[in-house]
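J.: Only the shape, not the letters, is given here:
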């Protein structure tokens with residue numbers, strides 16, 4: 001019997017993520033009284049951002065591929081295309097980008113453009129899902145549709161709309177996401193969590209085409225990588241902080257130069273950054289050793305790039321990324337505040353609060369330095385957790401809300417932190 005329980009678990013995980021996507025959409029759209037019939041494309045067209053237009057374009061491409069696979073009886077490919085699109089493109093990429101737009105409490109055009117995009121994509125996706133997960137698709141459809149058609153199984157099969165397809169934007173986003181994969185790998189090597197902001201990322205692209213794609217979507221890279229500044233260099237240019245070092249290969253040099261080898265090795269070790277760059281571009285370098293001119297080729301050495309201690313480097317097929325993981329006081333304050341916010345959000349969920357519910361809060365820190373850092377981010381914490389009144393204090397002075405309050409002790413970066421919330 002060809003049955004793998006691990007694959008079943010993976011499908012369950014994917015369907016759970018899809019459920020959460022629809023839950024996110026329904027929750028925020030209902031909160032903002034978003035009526036898709038009042039927000040046609042003509043009304044939001046000028047407010048669509050790059051990520052909105054990309055997702056709409058990707059959706060049309062997915063409709064094309066799924067339809068083609070079904071027509072050719074490749075049902076496994078059709079389902080894989082739908083699941084990958086919803087999990088990778090919608091949940092892990094697009095929703096991360098628009099989350100902050102949906103938190104704006106007034107019905108701004110920017111937020112409505114995000115809702116329009118998400119609603120349209122989900123309506124097309126649920127129709128694509130219907131033949132494969134009929135009951136789940138029906139449940140999701142009933143949650144999000146306006147009721148014009150009674151059932152998802154009575155809806156027409158979606159057709160790709162050519163005017164929404166932007167192959168160039170899709171290609172640019174592919175480059176952007178490959179760069180992001182490298183950035184996340186560099187962050188992981190530097191042991192910096194994605195929740196923790198970093199100061200600067202420098203990208204050295206291989207070609208002008210790659211640079212153009214990265215420049216077009218630089219803001220998206222900044223948001224997804226949680227970085228304050230993204231610098232994209234000219235094609236082929238290395239960052240100014242990268243120094244080149246020439247490392248001799250004794251075996252290769254010894255076979256050519258015999259007794260001169262030790263002196264050549266010493267001379268090569270003294271080569272400066274500018275000379276090393278010229279060596280790389282020309283493929284050879286001439287040295288004067290004991291009155292003799294010797295020619296050294298790149299086969300005789302290794303050219304190594306040296307970066308500052310806190311800068312981590314990763315390659316992708318379009319170039320290199322240099323991630324500066326040095327944490328300033330400001331970055332540390334933001335990082336700690338985000339850790340506190342995450343714990344407070346978990347507590348809100350455990351209290352079964354609605355998104356619109358406000359709370360009073362008290363937060364106590366074990367270290368005075370942490371208290372000072374979070375005080376710099378007080379408004380951010382209040383906004384993210386929907387706090388009406390906030391008291392920041394040391395653990396020894398922490399009182400909490402004894403009546404109708406919920407208090408919990410956490411450990412954040414080896415420090416005891418107490419949080420108490422009370423529904424207003």
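T.: Thanks, I have the structure now. Just so it is clear, the model here is predicted, and its values are computed rather than measured.
J.: Point me to the residue sitting farthest from the middle of this protein.
T.: For the chain, the residue at maximal distance from the C-alpha centroid (Cα atoms, centre = their mean) is residue 291, at 57.3 Å.
J.: distance of it from residue 300?
T.: Separation of residue 291 from residue 300 (Cβ to Cβ, to the nearest Å) stands at 20 Å. To be clear about C-beta, it is placed using only N, CA and C from the backbone, and glycine gets the same treatment.
J.: where in the chain is pLDDT low?
T.: Across the chain, the stretches falling below the confidence threshold (pLDDT under 70) are 1, 105-107.
J.: biggest helix in it by residues?
T.: Longest helix in the chain by number of residues (criterion: DSSP state H): helix 5-31.
J.: Endpoint to endpoint, stretch 100-119 covers what distance?
T.: Taking Cα to Cα, to the nearest Å, the first and last residues of stretch 100-119 lie 17 Å apart.
J.: do the same with stretch 343-356
T.: For stretch 343-356, the first and last residues are 18 Å from each other (Cα to Cα).
J.: for stretch 382-402, same thing?
T.: In stretch 382-402, first residue to last residue: 21 Å (Cα to Cα).
J.: can you check stretch 235-242 too?
T.: Across stretch 235-242, the straight-line distance between its terminal residues is 16 Å, by Cα to Cα.
J.: can you pull the buried residues of it?
T.: Of the residues in stretch 235-242, those buried under the neighbour-count criterion (16 or more other Cβ atoms under 10 Å) are 235, 238, 239, 242.
J.: neighbouring contacts of it?
T.: Among residues not part of stretch 235-242, those counted as contacts by Cβ atoms under 8 Å, 6 or more residues apart in numbering are 202, 204-208, 210-211, 233, 305-308, 311, 322.
J.: repeat for stretch 248-256
T.: Taking contacts as Cβ under 8 Å, 6+ apart, the residues outside stretch 248-256 that touch it are 261, 264, 265, 268, 269, 296, 299, 300, 301, 302.
J.: tell me which of those residues is nearest to residue 147?
T.: Nearest to residue 147 among the contacts of stretch 248-256, counting by Cβ to Cβ, is residue 302 at 67.6 Å.
J.: So what does the closest one look like in phi/psi?
T.: phi -120, psi 140 (degrees, to the nearest 10).
J.: how near is the residue lying closest to it once chain neighbours are set aside to residue 278?
T.: What sits nearest to residue 302 in space, not counting adjacent residues and going by Cβ to Cβ, 6 or more residues apart in numbering, is residue 247, at 4.3 Å. Residue 247 sits at a distance of 17 Å from residue 278 (criterion: Cβ to Cβ).
J.: Repeat that for residue 91.
T.: Distance, residue 91 to residue 278, by Cβ to Cβ: 49 Å.
J.: the more surrounded of these two?
T.: In terms of neighbours (other Cβ atoms under 10 Å), residue 91 is the more surrounded of residue 91 and residue 278; the figures are 17 against 13.
J.: Assign that one to helix, strand or coil.
T.: Of the three states, residue 91 takes helix according to DSSP: H, G, I helix; E, B strand; the rest coil.
J.: wait, is residue 202 part of a strand?
T.: Yes - read with three-state DSSP, residue 202 is one of the residues of a strand.
J.: can you tell me how far the nearest residue to it once chain neighbours are set aside sits from residue 312?
T.: Counting by Cβ to Cβ, 6+ apart, residue 322 is the residue found nearest to residue 202 once chain neighbours are left out, at 4.3 Å. Noted for residue 322: a distance of 8 Å to residue 312, by Cβ to Cβ.
J.: dump the residue contacts of residue 359.
T.: Going by Cβ under 8 Å, 6+ apart, residue 359 touches 348, 353, 385, 386, 387, 388, 421, 422, 423, 424.
J.: Alright, calling it a day.
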